[in-house]
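1. Attaching a predicted model along with its sequence, questions to come.
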Amino acid sequence: MSKTFKAMCLVGLLTAACQPQTTEQATQFPPGAHDPMEIDLPLGIEAAPPIPDDNPMTAAKVELGKQLFFDPRLSSDGTVSCATCHNPVLGFTDGRPVSMGVVGQEGGRSAPTVINLAYAQLGVFWDGRAKDLEEQAVGPIANPIEMGNTHRAAVATLNGIRGYREQFEAIFGSADITIDNVGKALAAFERTIISGNSAWDRFTAGDQSALSESAQRGWTLFQDREKANCIACHAGFNLTDNGYHNLGVGMDEEVPDQGRYIVTQAEEDRGRFKTPTLRDILYTRPYMHDGRFWTLAEVVDFYNDGGFRNPTLDQEIKPLRLTDQEKADLVEFMRALDGEGWQVQPPTTLPQAASTAAGLQ
Ligand code: HEC
Ligand code: HEC
């Protein structure tokens with residue numbers, strides 16, 4: 001085989017011609033790939049995320065989870081991967097008010113970012129209906145308007161791909177792929193998507209020049225309980241209290257999305273949604289669970305007006321009477337929340353089934 005030919009095989013092209021090599025070659029793991037793995041923590045991220053006992057982190061598992069995250073073959077028609085709606089270029093969102101899944105079907109909510117979800121407590125999704133990342137990860141595969149598949153069919157597809165079988169066997173001790181192990185690998189990858197070292201983190205660590213004067217005034221306002229009061233909910237190093245609150249977003253609709261109430265059936269949870277992190281907020285527009293605002297200025301105007309009045313409006317939401325300069329300062333502060341550590345490159349190749357074409361995305 002010529003050199004160029006070999007190179008093409010390596011990047012997953014010309015699969016049929018490369019078959020003898022791919023089928024006989026065992027998956028290679030770099031040294032230490034199965035050892036316990038520590039997650040790199042950028043500046044400002046104060047603690048390592050909690051890792052479930054039954055899903056320890058290893059480099060091999062994270063790598064497998066990454067391949068699955070970008071693999072459209074998990075969907076019914078092979079067109080939609082997790083990354084379609086959680087695209088790293090768009091801060092792991094899709095840049096759309098509401099998401100679009102297989103055959104162009106739209107859902108009712110905006111895709112949240114996956115950044116720093118390793119720190120999610122009290123559930124994931126806008127309404128917290130999945131208990132952890134493991135449980136959440138397998139949901140979209142079988143959601144008719146997301147990836148439109150069944151768990152059984154998705155697992156059968158993966159079982160037909162030798163490269164996946166070898167990885168699952170080395171990592172989970174069984175070549176027979178299960179949906180639970182798919183969820184574990186995806187969750188392990190997601191836990192590595194951590195953002196820190198923003199201008200705000202550098203400022204907090206003592207570098208006064210990291211924030212402009214306007215952003216510094218914005219940070220002061222943000223924390224002032226008598227002024228903007230954002231810190232009441234967007235608190236701590238991840239700028240969220242991990243709680244659920246009603247700001248009235250969507251309560252002006254004819255049939256409002258009841259949010260957390262759908263999960264708990266508790267009256268006080270009507271219209272409550274999860275407080276999202278504000279890290280990398282410039283990337284994740286449009287904003288709110290229904291993607292109604294395209295700019296941070298609109299979001300600040302919404303808070304300044306006191307949200308949208310409704311019977312279960314949060315007590316911390318009230319008209320703020322901010323000046324135009326104060327509003328601009330708050331936006332300037334949020335612009336300083338762009339971080340590092342979460343930017344990942346999609347895998348260049350995906351494991352190939354013996355007879356299918358390259359699944360490059
Ligand atoms: C068709 C678009 C789409 C696809 C494909 C998709 N998601 Fe999502 N994802 C969403 C939307 C929309 C939500 C919010 C839904 C809700 O809260 O009810 C969401 C929520 C999430 C959350 C919770 C985020 C939070 O802040 O609580 C995680 C984690 C997640 N998705 C991971 C994944 C993974 C892993 C896959 C692939 C197996 C995937 N998603 C596939 C659109 C999508
Ligand atoms: C009472 C708690 C609370 C307070 C106070 C609060 N927020 Fe929020 N914030 C939330 C919740 C909950 C959401 C999601 C609401 C939804 O989608 O329905 C949110 C969403 C946002 C978003 C959109 C995030 C995204 O990913 O879509 C931004 C930006 C934001 N808040 C900024 C601020 C600023 C600036 C302030 C202060 C002026 C503030 N928040 C005060 C709870 C709060």
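-> Alright, I've got the coordinates. Residues are numbered from 1 along each chain as shown. Ligands and ions are numbered 1, 2, ... in the order given.

2. Look at the residue most central in space within the chain and report its pLDDT.
-> In the chain, the centroid-proximal residue (C-alpha atoms, centre = their mean) is Val114; its distance is 1.2 Å. Predicted confidence (pLDDT) for Val114: 96.

3. What of Gly101?
-> Taking Gly101 on its own, its pLDDT is 84.

4. do you know how far it is from Val138?
-> For Gly101, the distance to Val138 (C-beta to C-beta, to the nearest Å) stands at 15 Å. Every residue, glycine included, has its C-beta placed from N, CA and C.

5. what's the answer for Asn238, then?
-> Distance from Asn238 to Val138, by C-beta to C-beta: 25 Å.

6. Glu106 now?
-> From Glu106 to Val138 the distance is 22 Å (C-beta to C-beta).

7. out of the two, which sits in the busier spot?
-> Each of Glu106 and Val138 has its neighbours counted (other C-beta atoms under 10 Å); Val138 has more, 22 against 11.

8. my read: that one touches Ile179, true?
-> Yes. Counting by C-beta atoms under 8 Å, Val138 does reach Ile179; the two are 5.3 Å apart.

9. Return every residue with contacts to both of the two.
-> Common neighbours of Val138 and Ile179, counting by C-beta atoms under 8 Å, 6 or more residues apart in numbering, are His151.

10. re the thing from before, for the closest residue to the residue nearest to the centre of the chain other than its chain neighbours, grab the count of nearby residues.
-> In space, and not counting its chain neighbours, Val114 is closest to Phe92: 4.2 Å by C-beta to C-beta, 6 or more residues apart in numbering. Neighbourhood size, Phe92 [other C-beta under 10 Å]: 27.

11. residues in contact with Phe92?
-> Phe92 touches His86, Thr113, Val114, Ile115, Ile193, Thr284, Trp342, counting by C-beta under 8 Å, 6+ apart.

12. for the third one, helix, strand, or coil?
-> Secondary structure of Val114, reduced to three states by DSSP: H, G, I helix; E, B strand; the rest coil: coil.

13. For it, which residues are in contact?
-> His86, Phe92, Glu190, Ile193.

14. tell me which parts of the stretch 151-300 of the chain are close to ligand 1?
-> Proximity of the stretch 151-300 of the chain to ligand 1, by C-beta under 6 Å from any ligand atom, involves residues Leu186, Glu190.
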